[in-house]
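[1] Here is a sequence with its predicted model. Questions after.
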Amino acid sequence: MKNALVWLRRDLRLFDHAALHHALTSAETVYCAFIFDRAILEPLPRADRRVEFIHDTLAALAAELEALGGHLIVRHDLAETAIPALAAELDAQAVFANHDYEPAAIARDEAVAAALRAAGRRLHTFKDQVVFERDEVLTLAGQPFSVFTPYKNAWLRKLEADPAVLAPWTVEPASAHQPGRFAPGRSTLPPLAALGFEPTNLHQLGIGSGPQLFDDFLGRIADYHVARDYPAVKGPSYLSLHLRFGTVSIRHLVRTVMTMSARGAAGEGGAVWLSELIWREFYMQILYHNPHVVGGAFKPAYDKIEWESGPEADELFAAWCEGRTGYALVDAAMLQLNRTGYMHNRLRMVTASFLCKDLGIDWRRGEAYFALHLNDFELASNNGGWQWASSSGCDAQPYFRIFNPVTQSQKFDPEGKFIKRYLPQLAGLTAKEIHLPRNPVVDHDAARKRTLERYEVVKK
């Protein structure tokens, strides 16, 4: 074809990019566009780190495209109408994009495809943000998995049988392999203010680029299985934000770690980290095959639970949100989230369990709060994590497993280093004293008893 339009979404890079590769091998001239979708942006607060992160990333992407002779088109509009209109404006015979698995995104893409078809154009989409998707990893009966370990084992067997799935999608405009070229022009990235947003503290957080973070993590990966649980330790990869917006390639990450593992250089930590990436895909396929989890329990019986409500519950929820529950680790974790948009994974489990099983508050309220504040918010993982903590999801922790916020604090922040970072007023306390509740909003032992009673309904 003569012209193609690449619609960038959750894949903000020019490296190992499926849609870009296919566009460059299919068309003489390739345009690249990103839509700041009003349907997504309008409900957000005016100071949102994610919007600023996307804006910064697009500026770097535009410069990279211009170095290759192309440019980036950026629009602030409804994607459903903007993409068909832009394809017509550029006389693009087809739009190329990568798959998205969320219900709202699927509906949006179907509307775009229909509008393009009506104008004699096509929408081509490709797998890019996962190694395996949709119906690629199924049970022997041909059904989606609902338990993680069998899914993981099947995922690993499939990868072993077809390692070529990790091969990179080359992006080499006007090369012997890819005859297409990027369309020349000037990039059109509007200022953040023109989108209706204002700067945040993003630049003070020192987030780093995806490739730099990955290189740094590879030097620590062998110890990941231990270090990942301690919030005061530099244990995680810190790549969740970059996976969310596709500034790194999942194929490159997995390929690199698998190569290290084959040499014995990744250790047990490498295997555990790979499991975390597989959890990410597990939750994506759960969401894709079970869209009812958006707003409801994976296990319908858990929708019968009567959560606390009314003014007292609202005050408890506010105390949780604002980091003033009286449990130091919970409060420090919530302050970390509020101030940085990041929360350590161990702390996500602790705070979620505390909201549902100590305060008796509906997991959906916590899920929505995380969705609003997490830089790396991703619907499938956030929903899956909250349903795991509340025991309402697939392969979740049993409802009678209730984290004790004090023992979690003692075990995973034994010296209180993390706590003191966000609660400096406690700096004078000893390592023993710092974990004890101070003016707690709830007594854990009494709350545990109420939770076991509350969950009795799932047995009926």
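    Everything's here; your move.
[2] if I pick the closest residue to residue 167 other than its chain neighbours, what's in contact with it?
    Distances taken as C-beta to C-beta, 6 or more residues apart in numbering place residue 251 nearest to residue 167, at 7.3 Å, with adjacent residues excluded. Heads up, the C-betas are built off the backbone N, CA and C, glycines and all. Shown in contact with residue 251 (C-beta atoms under 8 Å, 6 or more residues apart in numbering): 16, 131, 165, 166, 167, 168.
[3] Shouldn't the second one be within a helix?
    Pointing back at residue 131 there. No: with DSSP: H, G, I helix; E, B strand; the rest coil as the criterion, residue 131 is assigned coil and is not in a helix.
[4] Just confirm the residue nearest to residue 167 is within a helix.
    Yes: applying three-state DSSP, one finds residue 251 inside a helix.
[5] Please shift the residue numbers so they start at 32 in all later answers.
    Got it, first residue is 32 now, which makes that one residue 282.
[6] Low-confidence regions, the protein specifically.
    Low-confidence segments of the chain (pLDDT under 70): 491.
[7] and the top helix by length along the chain, which residues are buried?
    Among the segments of the chain that qualify as a helix by DSSP state H, the longest is helix 298-320. By neighbour count on 16 or more other C-beta atoms under 10 Å, the buried set for helix 298-320 is 300-301, 304-306, 308-320.
[8] How about stretch 160-180?
    Using 16+ other C-beta under 10 Å as the test for burial, stretch 160-180 gives 160, 161, 162, 163, 164, 167, 168, 169, 175, 176, 177, 179.
[9] distance between the ends of it?
    The straight-line separation of the ends of stretch 160-180 (C-alpha to C-alpha, to the nearest Å) is 21 Å.
[10] What are the contacting residues of it?
    Contact with stretch 160-180 is made by 41-42, 129-132, 158, 181-182, 185-186, 189-190, 196-197, 274, 277, 281-282, 285, 308-313, 315-317, 319-321, 329, 425-426, as judged by C-beta under 8 Å, 6+ apart.
[11] After the stretch of helix or strand residue 245 belongs to, which helix or strand is next? Please name it.
    Residue 245 belongs to helix 241-249 when elements are defined using DSSP states H and E. As assigned by DSSP H and E, the chain's next helix or strand after helix 241-249 is helix 255-258.
[12] could you say what helices and strands that next one packs with?
    Counting contacts by 3 or more C-beta pairs under 8 Å, 6 or more residues apart in numbering; DSSP states H and E, helix 255-258 is packed against helix 298-320.
[13] After the helix it packs on, which helix or strand is next?
    As assigned by DSSP H and E, the chain's next helix or strand after helix 298-320 is helix 342-353.
[14] what's that following helix in contact with?
    338-339, 356, 361, 365, 369, 382, 385-386, 390-392, 396-397, 400, 472-473.
[15] What's the ChimeraX line that selects buried ones from the residues you listed?
    Selecting only the buried entries of those in ChimeraX, with 16+ other C-beta under 10 Å as the criterion:
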select :356,361,365,382,385,386,390,391,392,396,397,400,472,473
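[16] Show residues contacting the helix or strand residue 478 falls within.
    Using DSSP H and E, residue 478 sits in helix 475-485. Residues outside helix 475-485 that contact it (C-beta under 8 Å, 6+ apart) are 336-338, 387-391, 430-431, 433, 435-437, 468.
[17] PyMOL command to pick out the buried ones of those residues?
    The buried subset of the contacts of helix 475-485, as determined by 16+ other C-beta under 10 Å, is captured in PyMOL by this line:
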select buried, resi 336+387+388+389+390+391+430+433+435+436+437+468
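[18] Filter the contacts of helix 475-485 down to the ones in helices?
    When DSSP H is applied, the contacts of helix 475-485 are split such that 436, 437 fall in helices.
[19] which one of the contacts of helix 475-485 is nearest residue 238?
    Nearest to residue 238 among the contacts of helix 475-485 is residue 436, at 28.3 Å by C-beta to C-beta.
[20] quick one: the residue nearest to the closest one when sequence neighbours are not counted from residue 115, how far?
    Leaving aside its sequence neighbours, residue 436 sits nearest to residue 358 (C-beta to C-beta, 6+ apart; 4.3 Å). Separation of residue 358 from residue 115 (C-beta to C-beta, to the nearest Å): 52 Å.
[21] Comparing those two, which residue is more hemmed in?
    Between residue 358 and residue 115, residue 358 has the larger neighbour count (other C-beta atoms under 10 Å), namely 28 against 22.
[22] Residue 284 reaches residue 246, doesn't it?
    No: the criterion here is C-beta atoms under 8 Å, and residue 284 misses it with residue 246 at 11.4 Å.
[23] who's more crowded, these two?
    Neighbour count, other C-beta under 10 Å: between residue 284 and residue 246, residue 284 has more, with 23 against 11.
[24] For the more buried one, list the residues it contacts.
    Counted by C-beta under 8 Å, 6+ apart, residue 284 has contacts 245, 270, 274, 308.
[25] Kindly provide the distance from it to residue 308.
    On the measure of C-beta to C-beta, residue 284 and residue 308 end up 7 Å apart.
[26] Partner strands of the longest strand seen in the chain, with direction?
    Secondary structure assigned by DSSP state E gives strand 60-68 as the longest strand of the chain. Strands adjacent to strand 60-68 in the sheet, as given by DSSP bridges, are strand 34-39 (parallel), strand 103-108 (parallel), strand 212-213 (parallel).
[27] closest to residue 374 out of the ones you listed?
    Shortest distance between residue 374 and the strands paired with strand 60-68, using C-beta to C-beta, is found for strand 34-39: 27.4 Å.
[28] packing partners for the helix or strand just after that closest one?
    On the C-terminal side of strand 34-39, the nearest following helix or strand under DSSP H and E is helix 49-57. The helices and strands touching helix 49-57, judged by 3+ C-beta pairs under 8 Å, 6+ apart, are strand 34-39, strand 60-68, strand 125-129, strand 153-157.
[29] redo that, cut-off 10 Å
    Helix 49-57 makes packing contacts with strand 34-39, strand 60-68, strand 125-129, strand 153-157, strand 212-213 when contacts are defined by 3 or more C-beta pairs under 10 Å, 6 or more residues apart in numbering; DSSP states H and E.
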